[in-house]
Structures are given as C-alpha cells and as structure tokens.
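1. Structure for the following, please:
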Amino acid sequence: RTFQDAEVSHIVGVGLAGFSWEVISKSMAPLSDLPQAAPLPQERVLRAPLATDAVREPDGPSSPQRHRRLAAAGAQAKVAVMPPSEARPDEAPVDAAAPQEHLLKDALEEVGPLGSSSLFSQAAEVADPKGAWKWDAVIEAGVTEYMRANPERVQRRVRRGIPQCYRWQVWKARVGISEGDPLLEEYKQLCHPPNASTKQIDIDVSRTFPAMFSSPESQQAILRVLNAYAAYNPCIGYCQGMNFVVALLLLVSEFREEESFVFFCRLMDSPEYGLAGFYREGLPLLWRCLRACDHLMESLVPEVRDHFVRESVQPAMYLHQWFLTLFISCFPLPIVLIIWDVIIFEGLPVVIRVAVSVLRLFKESLLAMHLEDIVKFFKKMKTYEGEDGGLKTARGGQMLMKRTEDVSIPEEVLRYLADTEDSGAPWQA
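-> Numbering: from 1, shown residues only. Reported below is the predicted structural model:
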C-alpha cells in the first residue's frame, strides 16, 4: 500500500519496488565475498515516525525503562485507544486427515488467507485425529518438560500441525511465557496512551483482514497491542507487516491481548527469533533473507531463478510480502498456521525453506508462464473459491512442511542471517 499523508508516513532508504535480481546477483557472487546490504536510494517502505527520530541514543541493550523514556519524546498522536473487552471467541474444534502431495497445489489455488471467520474455524481442523491423543500426553506431562525430554518427537508432531485447542498453550511454552511475566502487567500501562506510531497504526488496522476483524472492538485489539509495542520499543515503533503478525496472534490466542503482546515482544526482541530485523529502519533482515533465498534458488531451482530474471519478475512481486508478513497475508490460513507452528519451534530460517519449497513445487507451472501470468499466479494464492478449503489446505500445509525437509540451509547462510550487528562485514563462507 502507498500512503500520501506525510504526517504519518516516515520514508526510509529501503523499500519494496526497486530491489532487482540483478542487485541480488551482484551481491551474491562469489559467496565468500558477499558484501553487507546497503539501502538503495530508489527504494522505500512506509512506517510510522519513530519516537527516536526526535531523541537518538547510541545502539546497545534496550530496556523497558529506556523504551518508555524515548517513547515520551514522540507521543504526539491524537488517536483514541479503547480499553479491551473481556469477551473471548468460542474455541474451535479439532480434526484433520493425512496429507497427500497433490493437495497443496489444489489448496493454494482455491483458498485465500484470513478471509472470513468461517475460514478460521476450518483452519482449526489441522491436527491428525489419530495423533491428537499424543498432544494430550504432552499437555499432561507439561509442555516445557516434555519438549526438553523429547525434542525430536515434538518436532515431528509440530510439523504435522498442533491441534488448535492446544496451539496457544504450546506456543507460549516454547517462547517462555509464564503467568508471572512482568510484561503482562506492563501492557495495561502501555496500550492506551497515544504515541508517535498510533496514527499510522490506526490507518492500517482497518485494512488488516477486514472480513475477519470487522468489529470496532476486534480492530481496537490490534491497535492496542501494536500501540503498546510501539511505546515499549520506540526504537522500532511500528512498520507495515507487524499488523498481520499481531492479528494472527490475537486469533490463535482467542484475543488474549496481554499474552499476545508478550508473545509479540518475544518474537521481535529475543535473539532466537529477532523478528524486529524485518521492521527496523533499513529492513536489514529482509535484505538478508532475500540474499539467502536467492542463494538457495541458484542451487536448488536455478531454472526458476533464471526464468524470473528473463521475465523481470522482481522479489517485490512476492518475496517481500511473504517475508514481511511471514506468509500470513499471502497463503491460506490453514497453511499459515502449520508454517507458524514450525517457525515457533525452529526459528525464522524456516521462512526461506518454505519460500524455496513453494517455488520447487510449482517449478513446471512457473517455467511455462510469462511475467503477467506469474504475477497473477502469486496473487491467485490469496483467492478463496472452495467450500472445503480449510481441510484441504491443512493437508497441503503438512505436505509443504514435509517438502521443506529437503531444503538445507548452509551454515554460512545461517550465520549471515543470525548476524544482528549490521556491521557491514562480508558474508564469509
């Protein structure tokens, strides 16, 4: 989306339109000499003004106290943030079936992303009924203790999809959220006062899955969580893409705002996930993921990569949205949920393996298309036409996760992705 309001649009030096395969190619070869990404002056992405635009401090470990001090410098917005309601949506049922290879192609063509509440109900039906009782044992034994004692077993089960009735409990245990977490209480002080990002957040909230978040209260829930994080960490503030992540967390948690806020903080700020790298000024993690994905495409699907170069298919046409929203706004929700199960347990590099796996899956179809048809093809992944889409895409998601097991990311690429210092050092093999 493009916004013209200069008061709410902070333009940084990196964006989505001008990043070409030629730029990636030059920076990727040879692997041992790959330089650190530098923003292109023609590219831009829109984000809310940061509180730190007014008050800049040297980079270093952040703290809630420092975040709040910086937030005070930018609290100029006038948007009202309504208090939360205690209401919770009804819990969705659990069901599923075994994956079959052809289902993923059918699913991506027939079912869209978070398009309606009925689709979310269908998406709950992702767990294998024959294995659902195994998750009962995990819960009874204690998720954290069971994960520690049986990591490989848990990984196999996660890749088949966590039952919706247990998903939030398992996710919380994985990222380490407990009842006594101080951020749960801190949320109440952070979510209401307007700050420098509130106006931009309010603009984007109404465009975040409008069919599913149609009520003012549900939209306000997204606004409050994003507003709280912008106050908690004004060094990041708010950037487009974060709204989709928060929306998914609210859906999975059944609108438990405090827990969704703490979970979002874990994803953004913990070294294990480092999602903030997608959204901080310059979008450093996006650049890294694009380069890593191009490297894997060159080795695993070189025909597709070369075809995209010939047809002028730029990463902005699909990869940017895939990565910045972690597939939430691009793929059917049942697939997104299983992808997210694996992301939570295995980390952000999963998104690159998923991207390459999708391109491998549709290799023959993509090679037969020209630019216009390729663009339409990627957009068609978001359309909803089928009535049984939730169940079909649940199976497709399981199949997609199976295919990612064949995509191995080299250690030097993983080190490059994990480098959060942005020091400008080359990618050393």
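2. what about the helices in the stretch 201-350 of the chain?
-> 216-232, 242-252, 257-269, 284-300, 302-310, 319-324, 333-346, 350-361 (DSSP state H, counting those that start in this stretch).
3. what's the angle between the first one and helix 242-252?
-> It refers to helix 216-232. 120 degrees (axes from the mean of the first three to the mean of the last three Cα atoms, to 10 degrees).
4. cool, and the last one?
-> Calculated by the same axes, to 10 degrees, helix 350-361 forms an angle of 90 degrees with helix 242-252.
5. Convert helix 350-361 to CSV, retaining C-alpha atoms only.
-> What follows is helix 350-361 as a C-alpha-only set of coordinates in CSV (Å, rounded to 0.1, in the frame of the first residue of the first chain):
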residue,chain,number,x,y,z
VAL,A,350,12.1,-21.7,8.1
VAL,A,351,10.5,-18.9,6.0
ILE,A,352,13.3,-19.2,3.5
ARG,A,353,12.9,-23.0,3.3
VAL,A,354,9.2,-22.6,2.8
ALA,A,355,9.7,-20.0,0.0
VAL,A,356,12.1,-22.2,-1.9
SER,A,357,9.9,-25.3,-1.4
VAL,A,358,6.9,-23.4,-2.9
LEU,A,359,8.9,-22.4,-5.9
ARG,A,360,10.2,-26.0,-6.3
LEU,A,361,6.6,-27.3,-6.1
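6. packing partners for it?
-> Where contact means 3 or more Cβ pairs under 8 Å, 6 or more residues apart in numbering; DSSP states H and E, helix 350-361 is packed against helix 101-110, helix 284-300, helix 319-324, helix 333-346, helix 389-404. Every residue, glycine included, has its C-beta placed from N, CA and C.
7. what is the orientation angle of it with helix 284-300?
-> Going by the same axes, to 10 degrees, helix 350-361 makes 40 degrees with helix 284-300.
8. Could you export the helices of the stretch 201-350 of the chain as TSV, including distance to Asp202 and mean neighbour count?
-> Shown next, in TSV, are the helices of the stretch 201-350 of the chain (distance: least, Cβ to Cβ, whole Å; neighbours: other Cβ atoms under 10 Å):
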stretch	distance to Asp202	mean neighbour count
helix 216-232	6	25
helix 242-252	11	25
helix 257-269	16	23
helix 284-300	24	22
helix 302-310	37	16
helix 319-324	20	23
helix 333-346	25	24
helix 350-361	28	23
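9. Okay, now the unreliable bits of the stretch 101-250 of the chain?
-> 101-131 (pLDDT under 70).
10. 90 - rerun?
-> 101-134, 137, 139-140, 144, 160, 178-180, 209-214 (pLDDT under 90).
11. one step back: which among the helices of the stretch 201-350 of the chain is found nearest to Pro410?
-> Of all those, helix 284-300 sits nearest to Pro410, with 7.9 Å by Cβ to Cβ.
12. Glu311 touches Leu371, doesn't it?
-> Yes. Glu311 lies in contact with Leu371 (Cβ atoms under 8 Å); the separation is 4.5 Å.
13. Phe278: what's it in contact with?
-> Taking Cβ atoms under 8 Å, 6 or more residues apart in numbering, we find Phe278 in contact with Cys239, Gly241, Leu285, Leu286, Phe323, Leu324.
14. Who are the contact partners of Leu226?
-> Ser197, Ile201, Val205, Tyr238, Met242, Asn243, Val246.
15. now, the most widely separated pair of those residues?
-> Most distant of the contacts of Leu226, by Cβ to Cβ, are Ser197 and Val246, 12.7 Å apart.
16. one step back: redo the contacts of Leu226 as TSV? Include distance to Ala316.
-> Shown next, in TSV, are those (distance: Cβ to Cβ, whole Å):
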residue	distance to Ala316
Ser197	24
Ile201	23
Val205	24
Tyr238	21
Met242	19
Asn243	19
Val246	23
